[in-house]
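*Asks:* quick one: sequence and predicted model below, then my questions.
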Amino acid sequence: MTMKKPTPVKGTRDYYPADMAFRNWLYGRAREASRKFGYQEFEAPFLETLDLYAAKSGEELVKEQAFVFQDRGGDEITLRPELTPSLARMVSARIGQLTFPVRWWSFGPFWRYERPQKGRTREFFQWNLDLIGVDNPQADAEIAAVVCEFFRSVGLAPQDVKLQVNNRRLMEEALATLGIREEARATAFRLIDKKEKMETAAWEAYALESGLSADQVRGLQGLLADLELWKQSGELQEFFAAMEALGVRDYVEYNPSVIRGLDYYTGTVFEARDAAGEFRAILGGGRYDNLVADVGGGKLPGVGFAMGDLIIGLVLKKSGKEPSLRVVPADVLVTTFSAQERDAAMRTAQELRKAGIAAEWYPSVERLPKQLKYADALGIPLAVIAGPDEIRDGKVTLKDLTARDQATVRAEDLAQEIRKRLAGRQTG
RNA sequence: GUGGCUGUAGCUCAAUCGGCAGAGCGCUGGACUGUGGAUCCAGCUGUUGCGGGUUCAACCCCCGUCAGCCACCCCA
């Protein structure tokens, strides 16, 4: 009985070795930026109870977009759609033992039940980084500076990407002066979030429909056009000054229409975008001063961000900064000359491994050209050839596929000869 | 959840008005029996996503279905 060709689960991605190499590279860059600022790596469960997210992450995210199912005991379980609530839970559980401030980061998979499209899948990876226990604008700036350090390390300059910053407290005060009450704040935030995504006329109609007066709509438009609005916020003034001190002021800019979708943000909010504005936000984050308390911990302020692996990949590709990564780890292919030399070839490969060299052995007897083509196709730079002539003399031939030359050396000198070749390559 | 586009060889894609299903790349072999990337020659590969319908005849038109992509929504 033949099975119908199985299809992958909608919205998941297969990581073939080349994809895995990119993911690992991204992980490495994130780890390096995190490490430089003293952040510690942690991981949370991929499964959480549904109520952890209830009324914290945003209605839509939990009710519409979380993977939820019942376990065999009947409990409502969700595949985590984001990390911050888990982080808040973990911190809250050890609030008496941890040394504050806490600087933690993580890189792992998340799931959202959405319709897949460009830059969005149902299963994706996120880099999360959070600073908990400090509530000043300098802490916000440090978080932003980690982002900038990351961008710099992957080759994205301030002219390629911008960190756009705003502050919810500032916007709340500004809304109040327009006579927009607290009850209407969520609506107003939504309007702010929409402003840059809609045509002006459509946005105005939508705003009026949402219950704002014509005056309020005009006032809101005025706010969103005011790039100097941040000067009315002491927090943002300090934030930008701190970015200056950290030497990354050129990566950030004020944008009054950045507000972020998650409900738990309380102060500074930011998102990074490509300069051309072609893609969605590369990452988003901000200050959440009530979240730890909301999951039953004490009052603990926090600030952090999350970066998905998809958009950053698209931006890097678009800007030509995609790394060229070697997928094949082997530095040398030990060829099998014929059945008579097969055991000798296996021994040679094993000797190289003992010497710390990544060596592939060609696992069947084939014509030499085919074996060398294999090495070429995989990008293995060196090949070892040992036929009857070499073996009789206790020698092997080391072929450099890149330099297009070869030398016959004594078998016991092979590892050293290979190291010499590889060293010359890496410095060059 | 709503709307649009697309499914043809391993990959990228062609196929005129409905009239024998093709090319490039790749792969295999050879030119070259102990030496790779170039070149040349030869060769292999198909349930045209799947199911039904219309027709003398369907990759092409119609209906359904599945999958992928894109946009909305939301967000990393």
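*Replies:* Perfect, thanks for sending it.
*Asks:* tell me the secondary structure at A:Q406.
*Replies:* Judged by DSSP: H, G, I helix; E, B strand; the rest coil, the three-state class of A:Q406 is strand.
*Asks:* my read: it touches A:L398, true?
*Replies:* Yes - contact criterion C-beta atoms under 8 Å: A:Q406 and A:L398 qualify, at 6.3 Å. No exception for glycine: its C-beta is placed from N, CA and C like everyone else's.
*Asks:* okay, now A:Y39: neighbour count?
*Replies:* 22 (other C-beta atoms under 10 Å).
*Asks:* how far away is the residue lying closest to A:R326 once chain neighbours are set aside from A:L368?
*Replies:* Distances taken as C-beta to C-beta, 6 or more residues apart in numbering put A:G379 closest to A:R326, at 6.4 Å, once the chain neighbours are dropped. Distance of A:G379 to A:L368, given as C-beta to C-beta, to the nearest Å: 19 Å.
*Asks:* give me the more crowded residue out of the two.
*Replies:* More crowded of A:G379 and A:L368, by other C-beta under 10 Å: A:L368, with 15 against 12.
*Asks:* which one is the more buried one nearest to, not counting chain neighbours?
*Replies:* What sits nearest to A:L368 in space, not counting adjacent residues and going by C-beta to C-beta, 6+ apart, is A:T335, at 6.4 Å.
*Asks:* neighbours of that neighbour, just the number please.
*Replies:* The tally of other residues near A:T335 (other C-beta under 10 Å) stands at 26.
*Asks:* so who does it touch?
*Replies:* A:T335 makes contacts with A:345, A:362, A:368, A:371-372, A:383-386, as judged by C-beta atoms under 8 Å, 6 or more residues apart in numbering.
*Asks:* ok, the closest residue to RNA strand B within the stretch 51-200 of chain A - contacts?
*Replies:* Residue of the stretch 51-200 of chain A nearest RNA strand B, by C-beta to the nearest atom of the strand: A:K118 (2.8 Å). Going by C-beta under 8 Å, 6+ apart, A:K118 touches A:L314.
*Asks:* and the residue nearest to A:R326, how far from A:P17?
*Replies:* A:G379 is 12 Å from A:P17, by C-beta to C-beta.
*Asks:* shared neighbours of these two, anything?
*Replies:* A:V327.
*Asks:* hey, which helix is longest across chain A?
*Replies:* With DSSP state H setting the assignment, residue counts place helix A:17-36 as the longest helix in chain A.
*Asks:* buried set for that one?
*Replies:* A:21-23, A:26, A:29-30, A:33-34 (16 or more other C-beta atoms under 10 Å).
*Asks:* likewise stretch A:205-218?
*Replies:* For stretch A:205-218, a neighbour-count test (16+ other C-beta under 10 Å) marks A:206-207, A:212, A:216-217 as buried.
*Asks:* next, format those residues as a markdown table and append pLDDT.
*Replies:* Putting the buried residues of stretch A:205-218 into a markdown table (pLDDT from 0 to 100) gives the following:
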| residue | pLDDT |
| --- | --- |
| A:Y206 | 83 |
| A:A207 | 85 |
| A:L212 | 85 |
| A:Q216 | 89 |
| A:V217 | 88 |
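*Asks:* farthest pair in these?
*Replies:* In terms of C-beta to C-beta, the buried residues of stretch A:205-218 reach their longest pairwise distance at A:Y206 and A:Q216, which sit 13.1 Å apart.
*Asks:* how close does the residue nearest to A:Y254 when sequence neighbours are not counted get to RNA strand B?
*Replies:* Leaving aside its sequence neighbours, A:Y254 sits nearest to A:W230 (C-beta to C-beta, 6+ apart; 4.4 Å). Separation of A:W230 from RNA strand B (C-beta to the nearest atom of the strand, to the nearest Å) stands at 21 Å.
*Asks:* confirm A:W230 sits in a helix?
*Replies:* Yes - when classified by three-state DSSP, A:W230 is found to be part of a helix.
*Asks:* tell me who's in contact with it.
*Replies:* Residues near A:W230 by C-beta under 8 Å, 6+ apart: A:165-167, A:170, A:236-237, A:240, A:254, A:256.
*Asks:* roughly how far apart are the residue nearest to A:R326 and A:Q138?
*Replies:* Counting by C-beta to C-beta, the gap from A:G379 to A:Q138 is 47 Å.
*Asks:* and what of A:V217?
*Replies:* Applying C-beta to C-beta to A:V217 and A:Q138 gives a distance of 36 Å.
*Asks:* tell me the phi and psi of A:P369?
*Replies:* Main-chain torsions, A:P369, degrees, to the nearest 10: phi -60, psi -40.
*Asks:* can you give me the pLDDT of it?
*Replies:* Reported pLDDT at A:P369 in the predicted model: 89.
*Asks:* try A:E60
*Replies:* Reading off the model, A:E60 has pLDDT 60.
*Asks:* mind listing the strands for the stretch 301-428 of chain A?
*Replies:* Applying DSSP state E, counting those that start in this stretch to the stretch 301-428 of chain A gives strands spanning A:302-308, A:332-334, A:359-361, A:382-385, A:395-400, A:405-410.
*Asks:* could you list the low-pLDDT ranges of the stretch 51-200 of chain A?
*Replies:* Residues of the stretch 51-200 of chain A meeting the criterion pLDDT under 70: A:55-63.
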